[in-house]
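Asks: just a sequence and a predicted model for now, questions to come.
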Amino acid sequence: MSTAPRLTALDALHRSLGATMTDFAGWDMPLRYASERDEHNAVRTKAGLFDLSHMGEITLTGPEAVKALDYALVGNISTVGVGRARYTHICQEDGGIVDDLIVYRLGETEYMVVANASNAQVVLDALTERAAGFDTEVRDDRDAYALLAVQGPESPGILASLTDADLDGLKYYAGLPGTVAGVPALIARTGYTGEDGFELFVAPEHAVELWQALTKAGEGVGLVPAGLSCRDTLRLEAGMPLYGHELTTALTPFDAGLGRVVKFEKEGDFVGRAALEAAAERAATAPPRKLVGLIAEGRRVPRAGFPVVADGQVIGEVTSGAPSPTLGKPIAMAYVDAAHAAPGTSGVGVDIRGTHEPYEVVALPFYKRQK
Amino acid sequence: MSNPQQLRYSKEHEWLSTAEDGVATVGITEFAANALGDVVYAQLPEVGDTVTAGETCGELESTKSVSDLYSPVTGEVVEANQDVVDDPALVNTAPFEGGWLFKVRIAEEPADLLSAEEYAALTHSDN
């Protein structure tokens, strides 16, 4: 594998904007352009423009594409209508989570799976192997798409000024082909920020043109370029899991509090079914550690891997933590023992480099947008 | 990015003002502040603490990481910047001015503090 980082089609543009770049899953990606806090707040109150071209697209086509997906994934993909999307997991035989995915149904027999950048190869390999017995073609489309996201309350207005697509008819978790600023795009009403917004999958050669058109359209309403740093604080406030933090191969969806994504009622077998049935039963009888929110009383920031403590005992572990621009306090997601998981549980702290800092246990998410 | 000429600099990206009555002001450079990202928490040495050149005397926490704060000189802390404790973002917005961190009565300073030109060369920044 090459050690040189991969560059997105927007790389030169990011550099011209003065972005601080960072290595992310082998890609050189914009971390922030100026202040990550300002970018975060812009997405919450106005709009932010993200380059997410590192995400991994895999297309399945053919008469048995949906059967292959139902076998390969834990969700019931048969129930996804054309133009809709579904959040799901791909699990190992032992139930461990390989990745969390969004599956878009683009046509009667065409589906696009979007995997996390860090897992794209693993997911591609697993889907290829699992689809082998079905009449379907699995296509590596990672290089076929650049992905731009416009997120925030102003995003519908910005996009509407550039497209004839029926955005009002486009519900959350839906996607349809259209044209944005003259560029053919798959327009999806999805995102990872807790705000209304759109993800635009386009051919890489159109990425710069589309970025510039969106920038111009958003000029008057406060759209700013936004990097991965604020994307992380936005998703954390919204209580959205991040692979490698809240989700790992060591956890089943039931351990992660996401058992609802597993659809035992669907027809036929699927990879991980037996192990997941056992995990579901365990979760019902002896609750595993529960994913909770923690809000700091002080100002020190909990980080992934820090122990959660109560009465001098370790009762859990922080999976993600950051200062929350919206709450004005450090926040974290953590897996904690069920006995300490109820919102309002007293005496819970985080061990921050040897000091036990007090934290309030809250239900997730920390932030929910007003509709 | 411009590093004020009248200051001296450490390789750990602190700046040190010229001492007046033996007391100098310490902060981190704009280069360091940019590298950190938004500073959200500052733990500064306390008045009366003895700090040692090249050793940690506090920490600066940003959105993404926590970094040790080193002292560029040895001496006694005579003031910590409460404005920065209350509003750590000052370190980003005014690293050479309102975002100063502490004042120290110098007992001893290392010989290898850098000039603005030398520091600029170290960080490949414009001076």
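Replies: Arrived safely, thanks for sending. Residues are numbered from 1 along each chain as shown, chains lettered A, B, ... in the order given.
Asks: which other residues reach stretch A:161-170?
Replies: Contact with stretch A:161-170 is made by A:156, A:159-160, A:176, A:178-181, A:187, A:189, A:198, A:213-214, A:217, as judged by Cβ atoms under 8 Å, 6 or more residues apart in numbering or on different chains. (Each C-beta comes from the backbone N, C-alpha and C, glycine too.)
Asks: cool, stretch B:19-35 as well?
Replies: Applying Cβ under 8 Å, 6+ apart, the set of residues contacting stretch B:19-35 is A:20, B:1-3, B:9, B:13-18, B:36, B:39, B:60, B:69, B:71-73, B:78, B:91-92, B:95-96, B:99-106, B:119, B:123, B:125.
Asks: list the buried residues for the helix or strand where residue A:282 lies?
Replies: Using DSSP states H and E, residue A:282 sits within helix A:273-285. Residues of helix A:273-285 classed as buried: A:273, A:275, A:276, A:279, A:280, A:283 (neighbour count, 16 or more other Cβ atoms under 10 Å in any protein chain shown).
Asks: turn the residues you listed into JSON lines, including pLDDT and distance to residue A:202.
Replies: JSON lines is the format used below for the buried residues of helix A:273-285 (pLDDT from 0 to 100; distance: Cβ to Cβ, whole Å):
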{"residue": "A:273", "pLDDT": "98", "distance to residue A:202": "37"}
{"residue": "A:275", "pLDDT": "98", "distance to residue A:202": "39"}
{"residue": "A:276", "pLDDT": "98", "distance to residue A:202": "36"}
{"residue": "A:279", "pLDDT": "96", "distance to residue A:202": "39"}
{"residue": "A:280", "pLDDT": "96", "distance to residue A:202": "40"}
{"residue": "A:283", "pLDDT": "91", "distance to residue A:202": "41"}
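Asks: would you format those residues as a markdown table with distance to chain B included?
Replies: Shown next, in a markdown table, are the buried residues of helix A:273-285 (distance: Cβ to the nearest Cβ, whole Å):
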| residue | distance to chain B |
| --- | --- |
| A:273 | 39 |
| A:275 | 36 |
| A:276 | 35 |
| A:279 | 33 |
| A:280 | 36 |
| A:283 | 33 |
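Asks: thought residue A:175 was touching residue A:186?
Replies: Yes - using Cβ atoms under 8 Å, residue A:175 makes contact with residue A:186 at a distance of 5.6 Å.
Asks: which residues do these two both contact?
Replies: Shared contacts of residue A:175 and residue A:186 (Cβ under 8 Å, 6+ apart): A:104, A:106.
Asks: between these two, which has more neighbouring residues?
Replies: residue A:175 (25 against 19; other Cβ atoms under 10 Å in any protein chain shown).
Asks: in the sheet, which residues pair with residue B:70? Tell me.
Replies: Beta bridges link residue B:70 to residue B:56, judged by DSSP bridges.
Asks: output the below-cut-off pLDDT ranges for the chain.
Replies: In the absence of a named chain, chain A is used. A:1-2 (pLDDT under 70).
Asks: the chain in question should be chain B.
Replies: Using pLDDT under 70, chain B drops low at B:1, B:125-127.
Asks: so which residues on it come close to chain A?
Replies: Within chain B, the positions lying close to chain A (Cβ under 8 Å from any Cβ of the partner chain) are B:34, B:37, B:38, B:40, B:41, B:61, B:63, B:64, B:66, B:89, B:92.
Asks: nearest to chain B: which residue in the stretch 251-371 of chain A?
Replies: Relative to chain B, the nearest point of the stretch 251-371 of chain A is residue A:323 (4.1 Å; Cβ to the nearest Cβ).
Asks: distance between whatever helix or strand that residue lives in and the chain's centre?
Replies: Remark: residue A:323 resides in strand A:313-324, with elements defined by DSSP H and E. On the basis of Cα atoms, centre = their mean, to the nearest Å, strand A:313-324 sits 19 Å off its chain's mean C-alpha point.
Asks: likewise stretch A:300-310?
Replies: Chain-centre distance of stretch A:300-310: 23 Å, with Cα atoms, centre = their mean.
Asks: first-to-last residue distance for that stretch?
Replies: Chord length of stretch A:300-310, first to last residue, is 18 Å (Cα to Cα, to the nearest Å).
Asks: got the phi/psi numbers for residue B:116?
Replies: Per-residue torsions, residue B:116: phi -60, psi -40 (degrees, to the nearest 10).
Asks: if we can go back for a sec, which of the contacts of stretch A:161-170 fall within strands?
Replies: A:176, A:178, A:179, A:180, A:187, A:198 (DSSP state E).
Asks: excluding covalently adjacent residues, which one is nearest to the second one?
Replies: Nearest residue to residue A:178, sequence neighbours excluded (Cβ to Cβ, 6 or more residues apart in numbering or on different chains): residue A:165, at 3.5 Å.
Asks: for the one you found, helix, strand, or coil?
Replies: Under the three-state scheme (DSSP: H, G, I helix; E, B strand; the rest coil), residue A:165 adopts coil.
Asks: can you give me the separation between it and residue A:156?
Replies: In this view, residue A:165 and residue A:156 are 11 Å apart by Cβ to Cβ, to the nearest Å.
Asks: what is residue A:296 paired to in the beta sheet?
Replies: In this entry, residue A:296 is beta-bridged to residue A:359, by DSSP bridges.
Asks: right, and it touches residue A:328 too?
Replies: No - assessed by Cβ under 8 Å, residue A:296 is found out of contact with residue A:328, at 10.3 Å.
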